[in-house]
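In: structure for the following, please:
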Amino acid sequence: MKRTIIIDALQRTDYGEKICIKGWVRSRRGNKNVSFIALNDGSTIKNIQIVVDLQKFSEDQLKPITTGSCICCEGTLVESMGKGQTSEIQAESLEVYGTADPDQYPLQKKGLSMEYLRTIAHLRPRTNTFGAVFRIRHNMAMAIHTYFHEHGYFYFHTPLITASDCEGAGQMFQVTTKNLYNLKKDEDGKIDYSDDFFGKQASLTVSGQLEGELGAMALGRIYTFGPTFRAENSNTPRHLAEFWMIEPEVAFMDKEELMDLEEDFIKFCVRWALDHCMDDLEFLNQFVDKGLIDRLKGVVNTAFVRLPYTEGIHILQEAIKNGKKFEFPCEWGDDLSSEHERYLVEEYFKKPVIMTDYPREIKAFYMKINDDRKTVQGTDVLFPQIGEIIGGSVREESYDKLMNEINLRQIPMKDMWWYLDTRRFGSAPHAGFGLGFERLMLFVTGMQNIRDVIPFPRTPKTAEF
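Out: Numbers count the residues shown, from 1 in each chain. As a prediction, this is how the structure comes out:
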């Protein structure tokens, strides 16, 4: 008999029909006459109930069916008398595919901590919470591709292995085929890469932006969506060493249009979650973050504030004068911390904020400098609970201005001739942004730690699974 996935079985009303379902046992309970098995196959947060008449099955048949075991059930679809479900199955045959020893299976107990579940990340997708998170993660990926496809963008694949450092941060994972136990060095004591695979030092990418700009200069509007890597030794709830980035780059776009894109895109993604993931969101709203759904609806229905950095600093300094305590200083020229961003979003405006026109010194070399020569056309989107969720800017299209900034900052550009060529041959105004996919996931799911919105987190001293 052909298998029916549980999300479809729960919606069927053709009672009396034979049905076959397969999945993992969430629980088994009962009395001396009947046993109830809650089965889940990952297609939905909801379990389907299998009713087992103990007159038809022996104890030996039922004994291996414990929490975590995998079974196939064939039976009759019937209307459920229980609360919260319309359909259930009267079992006629049960087959055990895989057992789970109750003394060893680690997901027996309820109320396991997030910290503990990270140590068994290979099993945690079977829990209700992580099943919900990872189904939403899929839907957010679909929303991203759908939005850009419908708006005429081209999905542009940028390299994961690169010889350039987009941010100039230097915190990159090296990629090499060299024998690390016998490194060949030159007469100055520096590592000789001539015998390496690429013949030069190479690293995992920290961003696809620079190559994305090349695509935009030919295709008009592109987006990247893929993994990026940063070797920051940050043990915080907001940092991963491997994470996914969404980075659109658009030719002929100015700052106002960029802010329009940022706001429209992120509202589309949140609306997609509300339209396609409500069962999972309701579960997370009940058990993880009781304000989640209201907060998501609030973002969709609210116009974002557009706030120049200088005005934001003034608001924060006024708050300090009125007794507000911040851990970090807040002077013009400082890079705002998460507490400053969240104060503006959650307490002062009570809505998302797009902060613009940051001091030149604290932003990347490629951002377009304003006429005041002190600020750049950066556009960062600040969200409740998260702080910065999008970092964007108009890019500097002038070769001379870009080279001046590179020289002032002493950025090594020997491997960046290809990037500078975009400013030498048919340069065009353009803009773009970067959105950390896991930051979006934190907001949409209400989870508190970024390690809990990616299946297998990579953090300092952690590379299991």
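In: for residue 420, give me its contacts.
Out: By CB atoms under 8 Å, 6 or more residues apart in numbering, the residues touching residue 420 are 399, 402-403, 413. Yep, even glycine has a C-beta here, placed from its N, CA and C like the rest.
In: can you do 7 Å?
Out: When contacts are counted by CB atoms under 7 Å, 6 or more residues apart in numbering, residue 420 touches residue 399.
In: show me the shaky parts of the stretch 151-300 of the chain.
Out: Counting by pLDDT under 70, the stretch 151-300 of the chain has low-confidence residues at 165-170.
In: just the strands in it please.
Out: 154-155, 161-162, 174-175, 202-204, 221-229, 242-251 (DSSP state E, counting those that start in this stretch).
In: for the third one, packing partners?
Out: Using 3 or more CB pairs under 7 Å, 6 or more residues apart in numbering; DSSP states H and E as the contact criterion, the secondary-structure elements in contact with strand 174-175 are strand 202-204.
In: so what strands line up beside the strand it packs on?
Out: strand 161-162 (antiparallel), strand 174-175 (antiparallel) (DSSP bridges).
In: for residue 151, which of the ones you listed is the nearest?
Out: Closest to residue 151 of the strands paired with strand 202-204, according to CB to CB: strand 161-162, at 27.4 Å.
In: I'd say residue 251 and residue 222 touch.
Out: No. Using CB atoms under 7 Å, residue 251 is not in contact with residue 222, being 9.3 Å away.
In: what residues do those two have in common as contacts?
Out: Joint contacts of residue 251 and residue 222 (CB under 7 Å, 6+ apart) are residue 216.
In: next one: stretch 447-465 to chain centre, how far?
Out: Offset of stretch 447-465 from its chain centre (CA atoms, centre = their mean, to the nearest Å): 11 Å.
In: most remote residue from the middle of this structure, which is it?
Out: Distance from the C-alpha centroid of the chain peaks at residue 55, with 49.4 Å (CA atoms, centre = their mean).
In: now it: which helix or strand?
Out: For residue 55, there is no helix or strand it lies in under DSSP states H and E.
In: next one: residue 389
Out: strand 387-395.
In: that strand vs strand 242-251, what angle?
Out: Using axes from the mean of the first three to the mean of the last three CA atoms, to 10 degrees, one finds that strand 387-395 and strand 242-251 are set 40 degrees apart in direction.
In: mind listing what's buried in the following helix or strand past strand 387-395?
Out: The element immediately downstream of strand 387-395 (helix or strand, assigned by DSSP H and E) is helix 399-409. Across helix 399-409, burial judged by 16 or more other CB atoms under 10 Å covers 402, 405-406.
In: pLDDT of whichever helix or strand comes after helix 399-409, averaged?
Out: Remark: after helix 399-409, the chain's next helix or strand is helix 417-424, criterion DSSP H and E. Helix 417-424 comes out with an average pLDDT of 92.
In: please apply the same query to stretch 328-341.
Out: Averaging pLDDT along stretch 328-341 gives 93.
In: use 8 as the first number from now on
Out: Got it, the first residue is 8 from now on, which makes the last one we talked about stretch 335-348.
In: endpoints of that stretch, how far apart?
Out: Chord length of stretch 335-348, first to last residue, is 12 Å (CA to CA, to the nearest Å).
In: got the contact list for it?
Out: Counting by CB under 7 Å, 6+ apart, 317, 320, 323-324, 327, 333-334, 366, 368-369, 389, 394-395 sit against stretch 335-348.
In: buried ones in stretch 447-463, by neighbour count?
Out: Neighbour-count burial for stretch 447-463 flags 447-454, 457-461 (criterion: 16+ other CB under 10 Å).
In: ugh, typo on my part, it should be stretch 182-197
Out: For stretch 182-197, burial by neighbour count (16+ other CB under 10 Å) applies to residue 182.
In: that older thread, most tightly surrounded among the strands of the stretch 158-307 of the chain?
Out: Sort these by mean neighbour count, taking mean count of other CB atoms under 10 Å, and strand 249-258 sits at the top with a mean of 23.
In: so what does that one touch, helix or strand wise?
Out: helix 216-226, strand 228-236, strand 437-443, helix 444-452.
In: okay, the angle between the first one and strand 249-258?
Out: In other words, helix 216-226. Using the same axes, to 10 degrees, helix 216-226 lies at 30 degrees relative to strand 249-258.
In: send over helix 216-226 as PDB, restricted to the C-alpha atoms.
Out: C-alpha atoms of helix 216-226 as PDB (Å, rounded to 0.1, in the frame of the first residue of the first chain):
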ATOM      1  CA  GLN A 216      29.400  40.700  -1.900                       C
ATOM      2  CA  LEU A 217      32.500  41.600  -4.000                       C
ATOM      3  CA  GLU A 218      31.800  38.900  -6.600                       C
ATOM      4  CA  GLY A 219      28.100  39.700  -6.400                       C
ATOM      5  CA  GLU A 220      28.900  43.300  -7.500                       C
ATOM      6  CA  LEU A 221      30.600  41.800 -10.600                       C
ATOM      7  CA  GLY A 222      27.400  40.000 -11.400                       C
ATOM      8  CA  ALA A 223      25.300  43.100 -10.900                       C
ATOM      9  CA  MET A 224      27.500  45.000 -13.300                       C
ATOM     10  CA  ALA A 225      26.500  42.500 -16.000                       C
ATOM     11  CA  LEU A 226      23.100  41.100 -15.100                       C
END
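In: that helix: which residues count as buried?
Out: Using 16+ other CB under 10 Å as the test for burial, helix 216-226 gives 216-224.
In: my read is that residue 87 contacts residue 96, right?
Out: No. With contact defined as CB under 7 Å, residue 87 does not reach residue 96; the gap is 9.4 Å.
In: picking that back up, identify whichever of the strands of the stretch 158-307 of the chain lies nearest to residue 115.
Out: Closest among those, using CB to CB: strand 249-258, at 30.9 Å.
In: and the closest one, C-alpha only, in CSV?
Out: C-alpha atoms of strand 249-258 as CSV (Å, rounded to 0.1, in the frame of the first residue of the first chain):
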residue,chain,number,x,y,z
GLU,A,249,29.7,29.0,9.6
PHE,A,250,26.4,30.7,8.6
TRP,A,251,24.3,31.5,5.6
MET,A,252,24.1,34.9,3.9
ILE,A,253,21.6,36.5,1.6
GLU,A,254,23.3,39.3,-0.5
PRO,A,255,21.5,41.1,-3.3
GLU,A,256,23.5,43.6,-5.4
VAL,A,257,21.6,45.9,-7.7
ALA,A,258,22.8,48.2,-10.5
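In: done for today, thanks.
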